[in-house]
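Q: Whatever this is, show me its structure:
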Amino acid sequence: MSNPSAPTCRLVRPDDTYDGKQGLTYFCGIAAETVGSQGICMHLLTIPPGGRAKAHMHASHETAIYVLDGEAVALYGDKLQHQAVTKAGDLFYIPAGVPHLPINISDKPISAVIARTDPNEQESVVLLPELEAYADAAIARLMSKTAST
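A: Predicted coordinates:
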């Protein structure tokens, strides 16, 4: 006799989307809400040209990103003072509690696989509106560099 509540493997096809607190639209993936995961969340994200997230952090959960295609800039740090350019094939790690946001300053979409140690995708998202002025200033600098090249 089988146990109907026993853990089992689950297949998810990312056909549906949801809007995250961060201001981006995500493809549904592996999460407590979709498969009952208990220690991980993984989904797909495509950021359109010129798109960006709101400044945020994940209070007590780590994030790992694998860039599938495109190129973006990740701002991070207490005042978003650091940046990393990510492109196809790159892996990017964000520790718990580190403010960050991605920006697509290119004219093509960027797609990535996002994995977090929080199985409930949106529960540990903390928006940081006090950092938006820093983000706007950094984006203006990045755009001026891009325009001059």
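
Q: Helix, strand, or coil at the residue nearest to the spatial centre of the chain?
A: By C-alpha atoms, centre = their mean, the chain has its centre lying nearest to Ile114, at 5.8 Å. Following DSSP: H, G, I helix; E, B strand; the rest coil, the label given to Ile114 is strand.

Q: That one contacts Ile40, correct?
A: No: the criterion here is C-beta atoms under 8 Å, and Ile114 misses it with Ile40 at 11.0 Å. Heads up, the C-betas are built off the backbone N, CA and C, glycines and all.

Q: Okay, Gln38 and Ala31: tell me how far apart.
A: For Gln38, the distance to Ala31 equals 11 Å [C-beta to C-beta, to the nearest Å].

Q: the more surrounded of these two?
A: Legend: neighbour count by other C-beta atoms under 10 Å for Gln38 and Ala31, higher for Ala31 (22 against 9).

Q: any idea of the pLDDT on that one?
A: At Ala31, the pLDDT value in this model is 92.

Q: Isn't it up against Gly20?
A: No: contact criterion C-beta under 8 Å: Ala31 and Gly20 do not qualify, at 11.5 Å.

Q: Common neighbours of the two, please.
A: Contact criterion C-beta atoms under 8 Å, 6 or more residues apart in numbering; residues bridging Ala31 and Gly20 by contacting each: Glu121.

Q: so what's the closest residue to Ser106 other than its chain neighbours up against?
A: Spatially, and ignoring its direct neighbours in sequence, Ser106 is nearest to Glu71 (5.3 Å; C-beta to C-beta, 6 or more residues apart in numbering). By C-beta under 8 Å, 6+ apart, the contact list for Glu71 reads Val85, Thr86, Lys87, Ala88, Asn104, Ser106, Lys108, Ile110.

Q: Which residue, neighbours along the chain excluded, lies closest to Gln122?
A: Nearest residue to Gln122 in three dimensions, chain neighbours excluded: Lys21, at 5.7 Å (C-beta to C-beta, 6+ apart).

Q: tally of neighbours for the one you found?
A: Counted with other C-beta under 10 Å, the neighbours of Lys21 add up to 14.
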